[in-house]
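Colleague: Show me how the following folds:
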Amino acid sequence: MSNFAVERLDHLGIVAGVCQEIGLVEYFDSLDEQTHARVSLGQAVLAMVLNGLGFSNRRLYLVPQFFEHKPIERLIGPGITWADLNDDCLGRALDWLTAHDLTALYAGLAHQARRRFAVAAEAVHVDSTSFSVEGAYEREDPEGNEALIRITYGYSRDHRADLKQWQLSLATTTSGVPLGLQLLDGNASDQTTLAQQMAEVVYQFRAEREEEPIYVSDSAGYSAAKMTELDRQSVWWVGRVPETSTQAKTLVAEEPATWQGNQELRWVEREVRIGERTERWIITQSAEGVERHQATLQRRAEQERQLWTKRLRAIEQRPFACEADAQTACREATKGAPPWLEITLQVEVTNRHPGRGRPRTDTTPEQVWTVSGTVSIQEVALAAEARRKAKFIVATNVPATRKSTEEVLRLYKGQNGVERGFAFLKDPLFLASSVFVKKVERVMATGFIMVLCLLVYRLAEHRIRQRLAETGATVPDQLKKPTQRPTLRWLFQCFEGISLVLMQREEQREAVQVTGLTDLHRLILEVLGPPYEKYYDSSK
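Modeller: Next up is the predicted model:
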């Protein structure tokens, strides 16, 4: 007698295909010295990546529930059941990860993946972010294990200063493929950590004797001392200059006589002497930035106008005994006023009789000085301030003979690739948008798995876009318009509803049909190639 079962495959075949192509299971199994009866270390890591990119947001002990109706043998390996992927199995894998150098572990796999997927690394972007957690997270290691991060209070990018946190530093390609990671203390300084992250990636490329990329960072990664050290190490870099130095403030305040570029983006380049070095400083201004700052300042100016009007009303109700006191009050009243507010004050003298009621005919009136005025917004000054705030400085040591100004700005604009990665990791639908584990070691290992998920996600997106461009094919986006650059999240949603129908004959299970496949699914799988098609082929 035959029984039928239905298991949900959805987009997990694509995830498994990427993991197989980068050799994820083999990579971890080759490093594990122990033999496991049911689930190997690499298979346990693969299961956590599948769970993470299943967007189920399940806690560790609920992972078996996620796999209960999934084709596990097809995705992970023969003989494995959902009950095998319990919290003990996955917990041992997480503990193994924490016992090793997570930065080095990830670097080895990322390097292997980048080569197999032919991911270009013209530039490497570095940045960091924080993840808030709930709980005490007191360290239990009496000897003070330096390999463990400290989960503590610090500057929160999530605006949750009431919660402890840990930090993550990433180095990614311009397309967002993460090449390196560092797990950091909750109060770690960007000035230090970004330099360490950059040094780690420099070491990786030089150890493999590969052509080195240009390293890109935001203002947190820039300082004169740090850039001098990078120059000494012959490292090419691009970074944003913070407006804290006198030189930067002066250049931003100036209005150049002539700009280069166009209405959307214009710039002027200067050579700036920093100690014994010379840097290219590109003062940049975008039309979008001017418009954004104009709208922000307009709202702020109206709020400031109302505030200063209230202050003025308070002064208008005060009488002064002499003109000097009134003039002093006027000067004090306008101190700290923003440059786009115009405060006009007048001092008037009037005669008043002291006391209340009708004065006597022989009473001499006293002279009293009062202040009156108006507060208005200076639109010209407001627009000038918006243009000033829209300026920013991009610095580099890359010579103009190698990278033009436009190319340097394009490299810096690619910094949003790493920021998109952080947005992905913090998505509420993602595995670890909230880290549920209670030990510092498990938090670190879970952070490692999070970045592995990001690696697999970005590689799949890179491959699909690359193959669509090569073949000239397109897929419909969310608005039904053809595109060659779809987001992988959208394609994952398109793959919802694909199931595998199995028939149980005595002790053998046999796939008889894959249901739910459409022409769009077949196009995507054809673009990806046979290693991915096999997961959706009932004959395999």
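Colleague: Please put the alpha-carbon coordinates of stretch 480-500 into CSV.
Modeller: What follows is stretch 480-500 as a C-alpha-only set of coordinates in CSV (Å, rounded to 0.1, in the frame of the first residue of the first chain):
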residue,chain,number,x,y,z
LYS,A,480,5.0,43.6,-13.7
LYS,A,481,7.7,45.6,-15.5
PRO,A,482,10.6,43.6,-17.1
THR,A,483,13.9,43.9,-15.2
GLN,A,484,17.4,42.3,-15.2
ARG,A,485,18.1,43.4,-11.6
PRO,A,486,15.4,41.8,-9.5
THR,A,487,15.8,41.6,-5.7
LEU,A,488,16.2,38.1,-4.4
ARG,A,489,13.5,38.8,-1.8
TRP,A,490,11.0,39.3,-4.6
LEU,A,491,12.1,36.1,-6.4
PHE,A,492,11.9,34.2,-3.1
GLN,A,493,8.3,35.4,-2.7
CYS,A,494,7.6,34.3,-6.3
PHE,A,495,8.8,30.7,-5.4
GLU,A,496,6.3,30.4,-2.6
GLY,A,497,4.0,27.4,-3.1
ILE,A,498,6.4,25.0,-4.8
SER,A,499,6.0,21.6,-3.2
LEU,A,500,7.4,18.1,-3.6
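Colleague: Now do it, average pLDDT.
Modeller: For stretch 480-500, mean pLDDT is 92.
Colleague: likewise stretch 85-102?
Modeller: 90.
Colleague: what's that stretch in contact with?
Modeller: 31-32, 38-39, 41, 44-45, 47-48, 60-61, 63-64, 67, 72, 105, 147, 181, 183, 437, 441-442, 444-449 (CB atoms under 8 Å, 6 or more residues apart in numbering). Just so you know, the C-beta spots here come from the backbone N, C-alpha and C atoms, and that holds for glycine as well.
Colleague: mind checking how far Ala224 is from Pro242?
Modeller: Plainly put, Ala224 is 11 Å away from Pro242 if you go by CB to CB, to the nearest Å.
Colleague: what do you get for Ile22?
Modeller: Between Ile22 and Pro242 the computed distance is 38 Å (CB to CB).
Colleague: the more surrounded of those two?
Modeller: The neighbour comparison of Ile22 against Pro242 (other CB atoms under 10 Å) goes to Ile22, with 22 against 15.
Colleague: Next, the contact list for that one, please.
Modeller: Residues near Ile22 by CB under 8 Å, 6+ apart: 109, 112-113, 116-117, 455-456, 459.
Colleague: The residue positioned nearest the centre of the chain: helix or strand, and which one exactly?
Modeller: Within the chain, the residue whose C-alpha comes closest to the C-alpha centroid is Glu419; the distance, by CA atoms, centre = their mean, is 2.4 Å. Assigned by DSSP states H and E, Glu419 belongs to helix 416-425.
Colleague: For Thr396, which residues count as its bridge partners?
Modeller: Note on Thr396: beta-bridge partners by DSSP bridges are Val238, Arg280.
Colleague: Show the pLDDT at the closest residue to Leu53 other than its chain neighbours.
Modeller: In space, Leu53 comes closest to Val15 once its chain neighbours are excluded; the distance is 4.9 Å by CB to CB, 6 or more residues apart in numbering. At Val15, the model reports a pLDDT of 96.
Colleague: Could you do the one 3 residues further on as well?
Modeller: Reported pLDDT at Val18 in the predicted model: 97.
Colleague: Contact partners for it?
Modeller: 456, 459-460, 463.
Colleague: What of Val451?
Modeller: 106, 168, 170, 178, 181, 425.
Colleague: again with Gly13
Modeller: 74-75, 498, 532, 535-536.
Colleague: Now flag whichever of these is closest to Arg270.
Modeller: Set against Arg270, the nearest of the contacts of Gly13 by CB to CB is Tyr532 (50.4 Å).
Colleague: Chain neighbours aside, what residue packs nearest to the closest one?
Modeller: Gly17 is the one closest to Tyr532 (CB to CB, 6+ apart), at 3.8 Å.
Colleague: burial of Tyr153, as a residue count?
Modeller: 12.
Colleague: ok, it touching Lys164?
Modeller: Yes - at 5.8 Å, Tyr153 and Lys164 qualify as touching, with contact defined as CB atoms under 8 Å.
Colleague: Quickly list what's touching both of these two.
Modeller: Gly186.
Colleague: Identify, from the contacts of Ile22, the entry nearest to Ala469.
Modeller: Phe117 (14.5 Å).
Colleague: That closest one contacts Gly23, doesn't it?
Modeller: No - the criterion here is CB under 8 Å, and Phe117 misses it with Gly23 at 11.5 Å.
Colleague: what does the lowest-mean-pLDDT helix or strand in the chain contact?
Modeller: For the chain, counting by mean pLDDT, DSSP states H and E, strand 508-515 ranks last in confidence among helices and strands (a mean of 76). With CB under 8 Å, 6+ apart as the contact definition, strand 508-515 has outside contacts at 4-6, 9, 71, 73-74, 498-504, 536-540.
Colleague: Buried ones from those, can you make that a ChimeraX selection?
Modeller: To isolate the buried subset of the contacts of strand 508-515 in ChimeraX, counting by 16 or more other CB atoms under 10 Å, use the following:
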select :9,71,74,498,499,500,502,536
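Colleague: so the residue nearest to Tyr532 is in which element?
Modeller: helix 12-22.
Colleague: That helix vs strand 508-515, what angle?
Modeller: Orientation check (axes from the mean of the first three to the mean of the last three CA atoms, to 10 degrees): helix 12-22 against strand 508-515 gives 110 degrees.
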